[in-house]
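K.L.:
Using only what follows, build the 3D model:
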Amino acid sequence: MIYPLLLSLHLLAALVFIGTVFFEVLFLENIRKQLPAKLMVLLEQGIAGRARQLMPWVLLALFGAGLGMVWVRYLPVLAAPLASSFGTLLMLKILLAASVLGHFLVAMLLFRSGRMNARYSRFIHHSLFGHMLLIVLLAKAMFYLNW
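P.N.:
Purely as a prediction, here's the structure:
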């Protein structure tokens, strides 16, 4: 009974995280060209402030539930990840997720040290966007691809 709860928490947290990254990359960057610079700065500051408040908790739920799912159901598969297509794809998904966590930690360090700038932010968001696309595709492929 614990697995469905972990899965639901994992999916809801992923929805918030992925939705935020997609919004920032697909919408916010395009809106920047249409709004006055002063207004855009205020908008970005508001969004960034809220994201810094919310995202640590979202990532805690996302990774905590993911680790719980591994512990409850997938540990035997990960003991020999290359033995099955499911295990291989799950391992790739976990490696990408670890990279996402690394991106987040680097972003937090840059913010706290005052070194975060538009170039770093854009690079991190685009990289996360690519990671998210691959993770979502792998999550589906794990159940449909076999070799």
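K.L.:
Return the helix or strand in this protein with minimum mean pLDDT.
P.N.:
Lowest on mean pLDDT, DSSP states H and E among the helices and strands of the chain sits helix 29-32, with a mean of 87.
K.L.:
How about residues contacting it?
P.N.:
Helix 29-32 is contacted by residues 40, 43, 122 when judged by Cβ atoms under 8 Å, 6 or more residues apart in numbering. (C-beta placed from N, C-alpha, C; glycine too.)
K.L.:
can you pull the pLDDT of the last one?
P.N.:
I take that to be Arg122. Note on Arg122: pLDDT of 91.
K.L.:
for the protein, which spans come out with low pLDDT?
P.N.:
Within the chain, no range satisfies pLDDT under 70.
K.L.:
Can you name the next helix or strand after the longest helix seen in it?
P.N.:
Longest helix in the chain, counting residues (DSSP state H): helix 37-69. As assigned by DSSP states H and E, the chain's next helix or strand after helix 37-69 is helix 75-79.
K.L.:
That following helix - contacts with which helices or strands?
P.N.:
Packing partners of helix 75-79 (3 or more Cβ pairs under 8 Å, 6 or more residues apart in numbering; DSSP states H and E): helix 85-113.
K.L.:
Please name every helix or strand in contact with the next helix-or-strand element following the helix it packs on.
P.N.:
Sequence-wise, the next helix or strand downstream of helix 85-113 (DSSP H and E) is helix 118-144. The contact analysis (3+ Cβ pairs under 8 Å, 6+ apart) places helix 118-144 against helix 2-22, helix 85-113.
K.L.:
next one: the shortest one to chain centre, how far?
P.N.:
Right, helix 2-22. Going by Cα atoms, centre = their mean, to the nearest Å, the spacing between the C-alpha centre of helix 2-22 and its chain's C-alpha centre is 10 Å.
K.L.:
quick check: angle from it to helix 37-69?
P.N.:
Helix 2-22 and helix 37-69 are oriented at 160 degrees to each other (axes from the mean of the first three to the mean of the last three Cα atoms, to 10 degrees).
K.L.:
do you know how far the most far-flung residue of the chain relative to its centre is from Leu42?
P.N.:
If you look at how far each residue of the chain sits from its centre, by Cα atoms, centre = their mean, the farthest one is Pro36, at 29.9 Å. Pro36 is 10 Å from Leu42, where distance means Cβ to Cβ, to the nearest Å.
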